[in-house]
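[1] coords below, sequence missing:
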């Protein structure tokens, strides 16, 4: 099974600043999907951004962007102009395109992001 | 709001009991996934249903079972509950693209506490 590693249990950023959350994964597959989900204190899992491995262009969603390095198996999330509402647990997830995986998401342990005024 | 609904929001029960968690997917979604989030195990995939049929099992205990009904809602049944089953249980749904390209949207979860 693929392993997803988030090496930063906690991160802190000041409002309006930029922060980068790290994620690495281990896979022998050449095609796959990567996701970042946000879990605020409400516990709702919210999709932040998605990246297809066959696309070289890094995904961007407003203030959120990724740095996808396929050879290095790295998928970091950059949050620009951080806002208080960005404070949450962030999970990186891997998904195989093959049916024998059940298309299930394989999650990292998460990074808790604190945003200070 | 993701469009996925789960009931109940909270459930408190005793060891040895049986509970049923319910999930209604987004309109038009054929796939339903169940995940368990606990402090020690993190987020784990339990089971996937597509249009009423079981597609894949993950780390689901034999005491747990699920089904998806013709109206596409799903139920997760947990029996002979143990203290360690206390967790947040999420349901997620997706369109059900069998090429695996679709995105999963999560419900608000059911918080299960076993005393």
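    Great, that's in hand. Please read all numbers here as calculations on a predicted model, not as lab measurements.
[2] going forward, measure contacts and count neighbours with C-alpha atoms only.
    OK.
[3] phi and psi next, for residue 41.
    In the absence of a named chain, this looks at chain A. Backbone torsions of residue A:41, given as degrees, to the nearest 10, read phi -60, psi -20.
[4] which bits of chain A sit near chain B?
    Residues of chain A lying close to chain B by Cα under 8 Å from any Cα of the partner chain are A:33, A:43-47, A:96-109.
[5] got a pLDDT number for residue A:61?
    For residue A:61, the model assigns a pLDDT of 87.
[6] what do you get for residue A:7?
    At residue A:7, pLDDT is 95.
[7] which SS state does it fall under?
    With DSSP: H, G, I helix; E, B strand; the rest coil as the basis, residue A:7 sits in coil.
[8] for chain B, which segments count as strands?
    Secondary structure of chain B (DSSP state E): strands at B:5-7, B:10-13, B:19-24, B:31-38, B:42-50, B:53-57, B:64-68, B:74-78, B:87-94, B:105-106, B:110-114.
[9] of the ones you listed, which is nearest chain A?
    strand B:53-57 (4.7 Å; Cα to the nearest Cα).
[10] and that closest one, anywhere near chain A?
    Yes. Using Cα under 8 Å from any Cα, we find that strand B:53-57 touches chain A at B:55-57.
[11] which residue, other than its chain neighbours, is closest to residue B:84?
    Nearest residue to residue B:84 in three dimensions, chain neighbours excluded: residue B:114, at 7.8 Å (Cα to Cα, 6 or more residues apart in numbering or on different chains).
[12] residue B:69 reaches residue B:52, doesn't it?
    Yes. Counting by Cα atoms under 8 Å, residue B:69 touches residue B:52, with 5.8 Å between them.
[13] beta partners of the nearest residue to residue B:6 once chain neighbours are set aside?
    Distance criterion Cα to Cα, 6+ apart; nearest residue to residue B:6, sequence neighbours excluded, is residue B:23 at 4.5 Å. Judged by DSSP bridges, the bridge partners of residue B:23 are residue B:6, residue B:74.
[14] who touches residue B:106 in this structure?
    Counting by Cα atoms under 8 Å, 6 or more residues apart in numbering or on different chains, residue B:106 touches A:44-46, B:2, B:4, B:90-93.
[15] again, but for residue B:58
    The neighbours of residue B:58, taking Cα under 8 Å, 6+ apart as the test, are B:44-47.
[16] residues contacting the helix or strand of chain A with the lowest mean pLDDT, please?
    Least confident helix or strand of chain A, by mean pLDDT, DSSP states H and E, is strand A:60-61 with a mean of 86. With contact meaning Cα under 8 Å, 6+ apart, strand A:60-61 is reached by A:48-49, A:66.
[17] flag every residue of chain B that's near chain A.
    By the rule Cα under 8 Å from any Cα, the part of chain B lying against chain A is B:2, B:33, B:42-45, B:48, B:55-57, B:98-101, B:105-109.
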